[in-house]
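[1] Got a predicted model here, sequence first, then my questions.
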Amino acid sequence: MKINENSVYHGFVLYEVIDMSNWCKKKTILKLLEQSGNKMNERVFRGLVAYNNILFAEGQRELYIAHSNEYGYIATLDENIIRASTADLRARAYDMLSKANMTEKQLSKRGYDPLL
């Protein structure tokens, strides 16, 4: 889900609606959001997390929302947690680029036009 200035969720700050100062699993967060009158699906939630972190990177949000497969989500300024999260993003990006390059190489071997 793309969230921008025209989105209904523009200005919606997850950690101002529910307490995200401790690690919390997505299922629990969605329940807490629903209890606060802000029911949303997982796709919207993930979009809000991504949007929050873009705004954090631009200096427009106070906290970064980190994700851990083991612990869930947390809104934080803890440098170690944020660096671990960005390291994971880099690893995923590298993996995706590697797979894309392998596929493009195979297409090239099969005679398809290279990417323009």
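    Thanks, I have it. These figures come from a predicted structure and were not determined experimentally.

[2] chain center to the longest helix along the chain, what's the gap?
    Ranked by residue count and defined by DSSP state H, the top helix of the chain is helix 79-109. Centroid displacement of helix 79-109 relative to its chain, using CA atoms, centre = their mean, to the nearest Å, is 15 Å.

[3] and that helix, what other elements does it pack with?
    Contact partners of helix 79-109 among helices and strands, from 3 or more CB pairs under 8 Å, 6 or more residues apart in numbering; DSSP states H and E: strand 64-68. C-beta: built from backbone N, CA, C; applies to glycine.

[4] element containing A75?
    strand 72-76 (DSSP states H and E).

[5] got the angle for that strand vs helix 79-109?
    Angle, strand 72-76 to helix 79-109, by axes from the mean of the first three to the mean of the last three CA atoms, to 10 degrees: 120 degrees.

[6] Next one: the closest residue to K39 other than its chain neighbours from N41, what distance?
    In space, and not counting its chain neighbours, K39 is closest to L33: 6.7 Å by CB to CB, 6 or more residues apart in numbering. Distance, L33 to N41, using CB to CB, to the nearest Å: 10 Å.

[7] Could you check which of the two is surrounded by more residues?
    Taking neighbours as other CB atoms under 10 Å, L33 and N41 compare with L33 leading, 18 against 10.

[8] and the more buried one, what pLDDT?
    For L33, the model assigns a pLDDT of 94.

[9] The helix or strand hosting it: which residues count as buried?
    According to DSSP H and E, L33 maps onto helix 26-35. By 16 or more other CB atoms under 10 Å, the buried positions in helix 26-35 come out as 29-30, 32-33.

[10] Just flag the most distant two among those.
    L30 and L32 (7.4 Å; CB to CB).

[11] hmm, back to that, tell me what the strand holding A75 is packed against?
    Strand 72-76 packs on helix 26-35, strand 64-68, going by 3+ CB pairs under 8 Å, 6+ apart.

[12] Out of the ones you listed, the one nearest S108 is which?
    Each of the helices and strands packed on strand 72-76 was scored for nearness to S108 using CB to CB, and the closest is strand 64-68 (35.5 Å).

[13] Thanks again, I'm all set now.
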